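Student: the following comprises the amino acid sequence and a computationally predicted model.
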There are 2 protein chains.
Amino acid sequence: MRPAVLTSWLVRWGTEHVSRTFSCGLSPSPCCQQCLAVSLITVEDYEQAAKSLAKALMIREKYARLAYHRFPRTTAQYLGHRRVDAAPLEEGLPDFHPPPLPQEDPYCLDDTPPNLGYLVRMQGGIPFVYDNKRMLEHQEPHSLPYPDLETYTVDMSHILALITDGPTKTYCHRRLNFLESKFSLHEMLNEMSEFKELKSNPHRDFYNVRKVDTHIHAAACMNQKHLLRFIKHTYQTEPDRTVAEKRGRKITLRQVFDSLHMDPYDLTVDSLDVHAGRQTFHRFDKFNSKYNPVGASELRDLYLKTENYLGGEYFARMVKEVARELEESKYQYSEPRLSIYGRSPEEWPRLARWFIQHKVYSPNMRWIIQVPRIYDIFRSKKLLPSFGKMLENIFLPLFEATINPQDHRELHLFLKYVTGFDSVDDESKHSDHMFSDKSPSPDIWTSEQNPPYSYYLYYMYANIMVLNNLRRERGLSTFLFRPHCGEAGSITHLVSAFLTADNISHGLLLKKSPVLQYLYYLAQIPIAMSPLSNNSLFLEYSKNPLREFLHKGLHVSLSTDDPMQFHYTKEALMEEYAIAAQVWKLSTCDLCEIARNSVLQSGLSHQEKQKFLGQNYYKEGPEGNDIRKTNVAQIRMAFRYETLCNELSFLSDAMKSEEITALTT
Amino acid sequence: MRPAVLTSWLVRWGTEHVSRTFSCGLSPSPCCQQCLAVSLITVEDYEQAAKSLAKALMIREKYARLAYHRFPRTTAQYLGHRRVDAAPLEEGLPDFHPPPLPQEDPYCLDDTPPNLGYLVRMQGGIPFVYDNKRMLEHQEPHSLPYPDLETYTVDMSHILALITDGPTKTYCHRRLNFLESKFSLHEMLNEMSEFKELKSNPHRDFYNVRKVDTHIHAAACMNQKHLLRFIKHTYQTEPDRTVAEKRGRKITLRQVFDSLHMDPYDLTVDSLDVHAGRQTFHRFDKFNSKYNPVGASELRDLYLKTENYLGGEYFARMVKEVARELEESKYQYSEPRLSIYGRSPEEWPRLARWFIQHKVYSPNMRWIIQVPRIYDIFRSKKLLPSFGKMLENIFLPLFEATINPQDHRELHLFLKYVTGFDSVDDESKHSDHMFSDKSPSPDIWTSEQNPPYSYYLYYMYANIMVLNNLRRERGLSTFLFRPHCGEAGSITHLVSAFLTADNISHGLLLKKSPVLQYLYYLAQIPIAMSPLSNNSLFLEYSKNPLREFLHKGLHVSLSTDDPMQFHYTKEALMEEYAIAAQVWKLSTCDLCEIARNSVLQSGLSHQEKQKFLGQNYYKEGPEGNDIRKTNVAQIRMAFRYETLCNELSFLSDAMKSEEITALTT
């Protein structure tokens, strides 16, 4: 099914209008001349803008392919990469382990690949893999792609120049306006047809399409009431259990509360005080302290950490309660973040141990590792000598477990359920340092100053990229880099992520840069948005750009971020959808499109995605949509696809005209 | 505890500033002179405005007392009614039956008072009670207050004149602005103190304060998913049950669905199509048709009506499922509306029968009877000869059951759980008729034209008023009149309700009339607001005045109206609170204040209110608040009380100055 006639006309008009500007470059129609004269932008400017945008996309494509990140086939085709057509469709997909079958033991430590005997050395923050000692001595690394900072800096400069280039800004701004108006027209024309399609779609509605909570922190994945109930329950059932040790003295649960002068019976969500309120707006520091129940870091350690005297038992129990609720809901999945700080290489085996010992696996959860950007804190406490050491602590254990799973069975197993990495912290913190190839390398980054966001992102990407290549070579699963980005701070963060990330969380600041917003659209970079979180921290709900992004066709999903701090009801993700639906009057088709995006964006395996979205989910456009599973109208899919193709065609036209010019001169 | 120092200063300043304008009427301060000069309003104008407002309040007080409606003691005292002080505090309270004790049978038909043998006759739409046949012949009615239309018309004109009076509008507008700014200051100064109070309040938080859903229609009290599940369940378990009869032919459930060409297995919330969408905005007609599942009125009759072939069994079962959920939640109550149409006097016994036969009683529900304003439809179908007949059908059965419960045991029992009346329909429908004492009386209202809103309200009030007096005399429970009002249409509806209603649902249009808004504030008329319902029908969420009303100190509660049409999650009332909290950034104290208002406004009995709000809940100001039960900060209560007293003091000052003038001239 295609969008109604008028939309086709619109699409055609869009194409003709702008392509006249380009293809017949020298004689634009009077209408175009007029438009262009007004903004004093020449046709050549536009052509240049389109070419630069195409180049930016090709840069992203390069970094994406290197790291087994995703890049849309359609975009690649329009960029003139014919070879894409030949490659099998599934090729570019990331590799995630399918979940164990019901009869399989998710904690089975057998079936571990042999030791390859490779060696890994970090040099300047980049991991180099050597086949053996001799190769290491000869400095001849194993054949894998290794990142090159100099090229990266050049690529980065291209995008940085682009986002401030006047004509490119005008071009992108106009295209985005066009996209928005075009969707409005689509809505007016096709809304009822879309709903008719959904009404005649049997047995599938908004409630039973799969939804993934694409951005949620494990330490805040339960709601405030749940945490309260759990604390009360532990106190009622085991007050005399030893739960901590301080200077050799064992401390019972009762003593913990005694020392805080409180009786858990009296505890309320008010005194627990973990909910973000008006006080946290633009105060990320205050927000972070909300992770401490009753303002006491002892309780955070006891209830919300994986490492403590109880081996993280309480935290595991709560996470499992949340998992049971997801499993009961059947249609909801989540991707909680667990922290690796990089203080010590022991963090990894301990985390894997926690996961296996407490049997935290759930078919409705996939795990992401978050790395807080707090090198400066560890450095000032003399826990780390350099930033390079932090990178080693984070990544070397993964290389070792990949090369020699036999000796790291638990970590090897845990990594089956980990699908990506996140980079987290307050983005609004300013950094004086400007990252470039002249920046001190991680080994010699020994100052107490924190490296800037872009530095963190590059080195995380570099490590994940090499790691993914090594793992792919072994037939092991790969990881996606999914940093927090564009929640606050500088818009250049979005440039870093454009190169290095598979997808991002937040992306609010795309609002401020038409060029980046348009690039994120063309590259269909998934964005996990959390408007309720933003509402408490950085941006009022009514000003959140989610609706606008969705309308323009950006690949957005809805996520909760921190149910403990932001949500009121038992079903945080449904609360998120309900509020968005109510405030922005989203249609069922809108909601189901967001839900479909969330599954695509997630780390769910190929097999699960086929089950939840349809056999051909990885195909782009309407043929990739199975309405019986997604409840997204085909007319909507057709509109999105035709619109994207239309936008991309301008870039390919511009590139063709360049080729023609090159041939004729 | 009192509000922080600066607020006291503010209150003082407020008093001094304005009282200087009044008490020393002839020589206002330069500041006042300047203010007044700007708006060209003289001090005398203001004094006149204050006096007129006081008169309006006295009018409301009169009608409230006549009908056993509530009127705030504080307001009465400032109006100079010293006798109020002497009366016992509980005197003005409405009489609701306490719920049966756990060991008591809620359906017990014994313990029925004797027959009084009175006779009732409707004359001009007003019920007159006679002690016996002789008194009826002599036309000497039983000593009860009977309403007088002429007085009512005069009283109504006073308010109507007031709301368009320039100086009064300026006065009210300024006072309302002042109230809003004052609350902002209070918030800035005392927000943290309020939260500190709540944090130190043991064992009580937003989740376990009592909340009443003060406005909800029984036929839409389940959410869309619930209805869908129920329909599928009935089809699975009893497809061959006879569920209807058409022209003598018995029809099974399977046949019902066959005739609609659908298999309930395939049914989804989309095909069910009972949810309000963008299509219903400003389309009450479309909204009403959303009550028909799959657009089929057969299914509405079968699943959402109390009268059908199954005796309303399906509907009762669903309502009871909703009730079970409320009981499990423990802290949530609701006041669903059941319809009495007035087509026949048999509706009442049938409804009572439905209630008792299906055992619909729940401790977490109190019932309200809604009367749709659709005389015109019945008249055009020749089901009714006159509007008077409709009134008779609605009210005479109640008089009979009150006079002679022995012969109406089921209705007598059912009425124990009914606490009020609602008047419902689309308010935006225009009426040509202007209600006055010249209007045709109900007996001779035989035209097909529908009487206007004000006509309906007056006659419903008149009947309820006489009925309440009769019931009070017998020691039976009384009813509150709680019409839908100010959802759309003319603001004069709010004038009618100001005289006749105990409290109203919606009240959106108070936004448009400063005088009425200020009067509703001074009289503390409870308003059950449903911003999500408004969002789908009449007013976008962000423009809803609830937050503004709450800040100014109007007595607002939150309610769901129609979960089936508006809500997404399983807990509709919590969804309502959560969205309000998120979008308007309401504090916990705000939320708990709204919850407390909802209990006060509700038809829960004196005993229940004491249990849920505190022993002295009926006292006004901070002494009526028990923070251990309500989780509302005393500082907030003190602020509200001082602010109200301050506003009222201007009225009493104006009235005193009048007395002085009268004495000295």
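Tutor: Nice, I can see it.

Student: from now on I want contacts and neighbour counts done on CA atoms only, so please keep to that.
Tutor: Will do.

Student: which strands and helices sit next to the longest helix seen in chain A?
Tutor: Counting residues, the longest helix found in chain A (DSSP state H) is helix A:166-199. With contacts defined as 3 or more CA pairs under 8 Å, 6 or more residues apart in numbering or on different chains; DSSP states H and E, helix A:166-199 has these neighbours: helix A:5-23, helix A:43-66, helix A:514-522, helix A:546-552, helix A:588-601, helix A:634-664, helix B:269-272.

Student: redo these as JSON lines? Include mean neighbour count.
Tutor: Compiled in JSON lines, these are given as follows (neighbours: other CA atoms under 10 Å in any protein chain shown):
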{"stretch": "helix A:5-23", "mean neighbour count": "16"}
{"stretch": "helix A:43-66", "mean neighbour count": "20"}
{"stretch": "helix A:514-522", "mean neighbour count": "23"}
{"stretch": "helix A:546-552", "mean neighbour count": "21"}
{"stretch": "helix A:588-601", "mean neighbour count": "23"}
{"stretch": "helix A:634-664", "mean neighbour count": "18"}
{"stretch": "helix B:269-272", "mean neighbour count": "23"}
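
Student: state the phi and psi torsions of the closest residue to A:Lys232 other than its chain neighbours.
Tutor: The shortest distance from A:Lys232 to any non-neighbouring residue, by CA to CA, 6 or more residues apart in numbering or on different chains, is to A:Pro264 (5.6 Å). When read as degrees, to the nearest 10, the backbone of A:Pro264 gives phi -50, psi -20.

Student: what is the neighbour count of A:Pro264?
Tutor: Using other CA atoms under 10 Å in any protein chain shown, A:Pro264 has 21 neighbouring residues.

Student: list the contacts for it?
Tutor: A:Ile231, A:Lys232, A:Tyr235, A:Phe257 (CA atoms under 8 Å, 6 or more residues apart in numbering or on different chains).

Student: and if you look at A:Tyr453?
Tutor: A:Tyr453 sits in contact with A:Glu427, A:His493, where contact means CA under 8 Å, 6+ apart.

Student: which one, of the helices and strands packed on helix A:166-199, ends up nearest to A:Phe414?
Tutor: helix A:588-601 (21.1 Å; CA to CA).

Student: output the contacting helices and strands for the next helix or strand after that closest one.
Tutor: Once helix A:588-601 ends, the next helix or strand along the chain (criterion: DSSP states H and E) is helix A:606-613. For helix A:606-613, the packing partners by 3+ CA pairs under 8 Å, 6+ apart come out as helix A:588-601, helix A:627-630.

Student: picking that back up, closest to chain B out of the contacts of A:Pro264?
Tutor: A:Lys232 (11.1 Å; CA to the nearest CA).

Student: count of residues packed around that closest one?
Tutor: A:Lys232 - counted by other CA under 10 Å - has 18 other residues nearby.

Student: doesn't A:Asp263 make contact with it?
Tutor: No: using CA atoms under 8 Å, A:Lys232 is not in contact with A:Asp263, being 9.2 Å away.

Student: next step: the contacts of A:Pro264 restricted to helices.
Tutor: A:Ile231, A:Lys232, A:Tyr235, A:Phe257.

Student: okay if I get those residues as CSV plus pLDDT and distance to B:Ala528?
Tutor: Converted to CSV, these look like this (pLDDT from 0 to 100; distance: CA to CA, whole Å):
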residue, pLDDT, distance to B:Ala528
A:Ile231, 97, 36
A:Lys232, 96, 35
A:Tyr235, 96, 40
A:Phe257, 95, 42
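
Student: looking at those residues, which one is closest to B:Met655?
Tutor: In terms of CA to CA, no member of the ones in helices among the contacts of A:Pro264 lies closer to B:Met655 than A:Lys232, at 57.1 Å.

Student: helices or strands up against whichever strand or helix holds A:Ala401?
Tutor: Element membership for A:Ala401 (DSSP H and E) is helix A:387-403. Secondary-structure packing of helix A:387-403 (3+ CA pairs under 8 Å, 6+ apart): strand A:119-123, helix A:409-416, helix A:453-474.

Student: up against chain B, what does the stretch 451-600 of chain A have?
Tutor: A:532, A:535, A:540-542, A:567-569, A:574-575, A:578-579, A:582-583, A:585, A:587 (CA under 8 Å from any CA of the partner chain).

Student: among those, which two are most distant?
Tutor: Going by CA to CA, the pair spanning those furthest: A:Tyr568 and A:Ser587, at 23.4 Å.

Student: I appreciate the help and will end here.
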